[in-house]
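Undergrad: sharing a sequence plus its predicted fold:
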Amino acid sequence: MIYTKPIKLSAFALLVLAGCGTTLQAQSAASKEFIKAPLAVVKKAPVTENELKRWSHLDLVKDSIPGMSVDRAYAELLQGKTGQKVIVGIVDSGIDIEHEDLQGKIWTNPKEIPGNGIDDDKNGFIDDVHGWNFLGNAVHENLELTRIVKKSDDGSAQYKEALKQYNEKYEEALKNKEQVDFLLDVHNTIKKELNKKTYKIEDLSTLTSTDPKVARSKMVMTQIFTNAGPTFDPEADFEEYREQVYDEIDYNLNKDYDGRKVVGDNPDDIKNNHYGNNVVFGPDKEKALHGTHVAGIIAQVRGNNLGGDGVANNVEILTVRAVPDGDEYDKDIALAIRYAVDNGAKVINGSFGKSFSPHKEWVYEALTYAAKKDVLIVHAAGNDGYNIDETKNINYPNDSKDNLKEFTNNVITIGAINKEYGENVVAGFSNFGKINVDVFAPGEEIYATVPNNKYKYLQGTSMAAPNVAGVAALIRSYYPKLKAAQVKQILMDSGVALPSKVVLGESENSIQKPSAVSSAESSRTAKMVNAYNALLMAEKMSKK
């Protein structure tokens, strides 16, 4: 399942002044000091639109926003330096490789002749010029728990747990359908009364109708606008919510739906491994929204006045489409990782995950294969607000077969933070865990590319992971001798500390939030990734 934060009604209802000046020339690490969290962070002013679009690049000390200090790193550490090209594999829903802000950033297979219908590089994939699409023309899929329930009851603990969760999720989906239908009715009432498709909170004050339905709709929308934040767009956001809820009922939880039939392979046979096609954005480019957004966070062209800016400058994006609207198959993920590794990726981003993994050993073998080839895998922690150290909340794929001890040292798991430094800095939706989450990064209201030359704010650990993948690519570009395991350690050790106490997870009660706890409970490091610090540490480590 792709890890964009699901839209819920509760989300609508809830939804350091001194610093060193920048310099125009890069300086050695020896003359620079690590950025540390100030004793108190005082917000200078409300976040501007431009700051919001690129807040993940800003600096906690200079800007009072807990970004990754990317701009500062470019200005003070990288100016005048030349890095080498790094291939970043993105295993996701597909990417719009024709997007205006990704031009020059898309990997091209040098061993393949485009359009000749021949497997020139003899890797089993014909005309894989920009990557591979393991899903073929498939778009929608069941959740893994639905697939387990569809099979006969084998008496296993896995079946019983899957059935339990299926019933809970289906009941919740029906409630969400009632909720979204209500919201759409409210929205349509306002649109009709205003005679306009899009509107802002100030437009609501012009409504003077005494019709009880209009009055109620006005009250509901006023409350939603007040709490939803500056990027809220009722027309787009309600439609996204509707599609999300209806897709869950029609496809993800529909036991009669077979999304795999169109692919034509046997998903339970890992040896049946050459299937799909070379159309890396899939049969419907709009459905490549998630992957395109992830790609933009890493690789959008910097400083071109289009959309946002990518974290890494010297990258090429290798697309592997393997994540549908629903849960990914273990087979597809295992083969996608191997494909990216075999085609030169040094960093792989995985903004997906699920709670059941029938063939997890295939994925474990792929992770180990990547480790042997010195490839770093950056994985999103998930958006349930759960402690994934608890066995009932295990998030797959993972790098621990017992949820305690890592079997490989090349996988880093990322939680999400928002732009407000303080005890609420960890995004409420973000999973956490002092054993199985490594570090945090910006993942709320992230502005990046979406299909057909458009841009959008999205949120989720899906967005936090590529922010870290971008920093990893920077390290591998400018300090190429460092190994994947070293890059992982740098990302963790060089981070800026979270506040001593943080709120973790979300409460079902939208009024009463969970209490703050020690940030040591949040992750292995209780830190936020910082590009500036990471590059300083990388330089010191590379000299050793």
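TA: All right, it came through fine. Numbers count the residues shown, from 1 in each chain.

Undergrad: for the stretch 351-500 of the chain, just list every one of the strands.
TA: 376-380, 411-417, 439-442, 446-450, 454-458, 496-497 (DSSP state E, counting those that start in this stretch).

Undergrad: report all helices and strands that the fifth one contacts.
TA: Put plainly, it is strand 454-458. helix 289-299, strand 446-450 (3 or more C-beta pairs under 8 Å, 6 or more residues apart in numbering; DSSP states H and E). Every residue, glycine included, has its C-beta placed from N, CA and C.

Undergrad: between the last one and helix 289-299, how many degrees?
TA: Which is strand 446-450. 110 degrees (axes from the mean of the first three to the mean of the last three C-alpha atoms, to 10 degrees).

Undergrad: what's next to strand 446-450, contact-wise?
TA: Contact partners of strand 446-450, identified using C-beta atoms under 8 Å, 6 or more residues apart in numbering, comprise 52-54, 56, 96, 99, 101-102, 289, 292-297, 300, 307-308, 455-459, 463, 467.

Undergrad: mean confidence for it?
TA: For strand 446-450, mean pLDDT is 97.

Undergrad: ok, stretch 300-314 next?
TA: Computed over stretch 300-314, the average pLDDT equals 95.

Undergrad: cool, stretch 208-218 as well?
TA: Rounded mean pLDDT across stretch 208-218 is 94.

Undergrad: format the strands of the stretch 351-500 of the chain as JSON lines; extra columns: distance to residue 358.
TA: Below are the strands of the stretch 351-500 of the chain laid out as JSON lines (distance: least, C-beta to C-beta, whole Å):
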{"stretch": "strand 376-380", "distance to residue 358": "19"}
{"stretch": "strand 411-417", "distance to residue 358": "20"}
{"stretch": "strand 439-442", "distance to residue 358": "29"}
{"stretch": "strand 446-450", "distance to residue 358": "32"}
{"stretch": "strand 454-458", "distance to residue 358": "29"}
{"stretch": "strand 496-497", "distance to residue 358": "39"}
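
Undergrad: out of these, which gets nearest to residue 431?
TA: When the strands of the stretch 351-500 of the chain are compared by C-beta to C-beta, strand 411-417 sits nearest residue 431, at 6.4 Å.

Undergrad: kindly export that closest one (C-alpha atoms) in PDB.
TA: What follows is strand 411-417, C-alpha atoms only, in PDB (Å, rounded to 0.1, in the frame of the first residue of the first chain):
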ATOM      1  CA  VAL A 411      17.800  -0.600   5.300                       C
ATOM      2  CA  ILE A 412      16.800   2.700   7.000                       C
ATOM      3  CA  THR A 413      13.200   3.200   8.100                       C
ATOM      4  CA  ILE A 414      11.800   6.700   8.200                       C
ATOM      5  CA  GLY A 415       9.000   8.400  10.300                       C
ATOM      6  CA  ALA A 416       7.500  11.700   9.500                       C
ATOM      7  CA  ILE A 417       7.600  15.200  11.100                       C
END
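
Undergrad: what packs against it?
TA: Counting by 3+ C-beta pairs under 8 Å, 6+ apart, strand 411-417 packs on strand 376-380, strand 439-442, helix 461-478, helix 484-493.

Undergrad: strands along the stretch 1-150 of the chain, start to end?
TA: Under DSSP E, counting those that start in this stretch, the stretch 1-150 of the chain gives strands at 86-92, 131-133.

Undergrad: given the first one, what are its sheet partners and their directions?
TA: Strand 86-92 has the following strand partners under DSSP bridges: strand 315-321 (parallel), strand 347-350 (parallel).

Undergrad: what's the spacing between it and its chain's center?
TA: 13 Å (C-alpha atoms, centre = their mean, to the nearest Å).

Undergrad: over to stretch 158-171?
TA: 26 Å.

Undergrad: CA atoms only: put that stretch into CSV for me.
TA: The C-alpha coordinates for stretch 158-171 follow below in CSV (Å, rounded to 0.1, in the frame of the first residue of the first chain):
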residue,chain,number,x,y,z
GLN,A,158,-2.4,-15.7,10.0
TYR,A,159,-5.8,-16.5,8.6
LYS,A,160,-7.6,-15.7,11.8
GLU,A,161,-5.8,-12.4,12.3
ALA,A,162,-6.4,-11.4,8.6
LEU,A,163,-10.1,-12.3,9.0
LYS,A,164,-10.3,-10.2,12.2
GLN,A,165,-8.7,-7.2,10.6
TYR,A,166,-10.7,-7.6,7.4
ASN,A,167,-14.0,-7.4,9.3
GLU,A,168,-12.8,-4.3,11.2
LYS,A,169,-11.6,-2.6,8.1
TYR,A,170,-14.8,-3.3,6.2
GLU,A,171,-16.9,-1.9,8.9
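
Undergrad: quick one: mean pLDDT over that stretch.
TA: Rounded mean pLDDT across stretch 158-171 is 96.

Undergrad: in it, what's buried?
TA: Neighbour-count burial for stretch 158-171 flags 159, 162, 165-166, 169-170 (criterion: 16 or more other C-beta atoms under 10 Å).

Undergrad: residue 334: which of those residues is nearest?
TA: Once C-beta to C-beta is applied, the member of the buried residues of stretch 158-171 that ends up nearest residue 334 is residue 162, at 20.9 Å.

Undergrad: packing partners for the stretch of helix or strand the closest one belongs to?
TA: Mapping residue 162 onto the secondary structure by DSSP states H and E places it in helix 157-194. On a contact count with 3+ C-beta pairs under 8 Å, 6+ apart, helix 157-194 meets helix 144-150, helix 212-228, helix 234-247.

Undergrad: can you put the ones you listed in CSV and add mean neighbour count?
TA: As requested, those are exported to CSV (neighbours: other C-beta atoms under 10 Å):
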stretch, mean neighbour count
helix 144-150, 21
helix 212-228, 16
helix 234-247, 17
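
Undergrad: okay, the ones you listed in a markdown table with distance to residue 475 next?
TA: Conversion of the helices and strands packed on helix 157-194 to a markdown table gives the following (distance: least, C-beta to C-beta, whole Å):
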| stretch | distance to residue 475 |
| --- | --- |
| helix 144-150 | 34 |
| helix 212-228 | 37 |
| helix 234-247 | 34 |
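
Undergrad: to residue 391, which of those helices lies closest?
TA: helix 144-150 (15.9 Å).

Undergrad: which helices and strands does that closest one pack with?
TA: helix 157-194.

Undergrad: quick check: next helix or strand after the helix it packs on?
TA: helix 201-204.

Undergrad: who are the packing partners of that following helix?
TA: Short answer (3+ C-beta pairs under 8 Å, 6+ apart): helix 201-204 packs on helix 212-228.

Undergrad: show me what the helix it packs on is packed against.
TA: helix 9-14, helix 157-194, helix 201-204, helix 234-247.

Undergrad: I'd like those helices as TSV, with distance to residue 270 appended.
TA: Converted to TSV, the helices and strands packed on helix 212-228 look like this (distance: least, C-beta to C-beta, whole Å):
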stretch	distance to residue 270
helix 9-14	38
helix 157-194	19
helix 201-204	53
helix 234-247	28
